[in-house]
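K.L.:
coords please:
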Amino acid sequence: MKIMVCYDSSREAGDALGLAKKHARAFEAEKIYVVTSMVGGRDVPREVFANAERELRYAENVLKDENIICETRLLVRGLTPGEDIVEFAKEKEVDEIIIGVRKKSKVEKLLMGSTAQYVILKAPCPVVATK
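P.N.:
From the prediction side, this is the model:
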């Protein structure tokens, strides 16, 4: 079984990482992919990417301390985060996606959409949402 956890520095992502650890043990996962998706471009300061890479290293260390095989990926491929996550899951033939959900106002959802909602509706595998 391959598990993907969507990760950033938020509390919700930390909860998703914790659940991924539990699922990795319970289902004897062969690997966990820890993924951060960012919309890139020349206007994004290098520090933003460096911070995302630092957060991924932290998550990798958390899993490796538990002897869980993992691979981290910073996805910057010109897609929205939802599209990027779904495409990566297809490419790696992931069996489960775990994603944290933040509460947004109706206006925020209307203007920006929801990455988690997109992933839940379009993913090629089951999605577990944590809040």
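K.L.:
Centre of the chain to the longest helix along the chain, how far?
P.N.:
Secondary structure of the chain per DSSP state H: the longest helix is helix 46-65. Between the centre of helix 46-65 and the centre of its chain there are 12 Å (Cα atoms, centre = their mean, to the nearest Å).
K.L.:
Give me the average confidence score over that helix.
P.N.:
Mean per-residue pLDDT for helix 46-65: 94.
K.L.:
ditto for stretch 73-86
P.N.:
92.
K.L.:
same thing with stretch 98-111?
P.N.:
Mean predicted lDDT for stretch 98-111 stands at 66.
K.L.:
Quick one: residues in contact with stretch 89-103.
P.N.:
1-6, 10-16, 19-20, 23, 33, 85, 88, 114-116, 119-120, 123-131 (Cβ atoms under 8 Å, 6 or more residues apart in numbering). The way it works is simple: take the backbone N, C-alpha and C, and place the C-beta from them, glycine included.
K.L.:
So which residues of the protein form strands?
P.N.:
Listed in chain order, the strands of the chain (DSSP state E) span 2-6, 31-37, 70-75, 96-100, 127-130.
K.L.:
For residue 55, find the nearest of the ones you listed.
P.N.:
Proximity to residue 55 (Cβ to Cβ) singles out strand 31-37 among the strands of the chain, at 6.8 Å.
K.L.:
helices or strands next to that closest one in the packing?
P.N.:
strand 2-6, helix 11-26, helix 46-65, strand 70-75, helix 81-92 (3 or more Cβ pairs under 8 Å, 6 or more residues apart in numbering; DSSP states H and E).
K.L.:
For it, C-alpha coordinates in PDB please.
P.N.:
This file holds the C-alpha atoms of strand 31-37, laid out as PDB (Å, rounded to 0.1, in the frame of the first residue of the first chain):
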ATOM      1  CA  LYS A  31       5.800   3.900   1.400                       C
ATOM      2  CA  ILE A  32       4.400   7.200   2.400                       C
ATOM      3  CA  TYR A  33       4.700  10.100   0.000                       C
ATOM      4  CA  VAL A  34       4.800  13.500   1.800                       C
ATOM      5  CA  VAL A  35       3.800  16.100  -0.700                       C
ATOM      6  CA  THR A  36       3.600  19.900  -0.800                       C
ATOM      7  CA  SER A  37       2.200  21.600  -3.900                       C
END
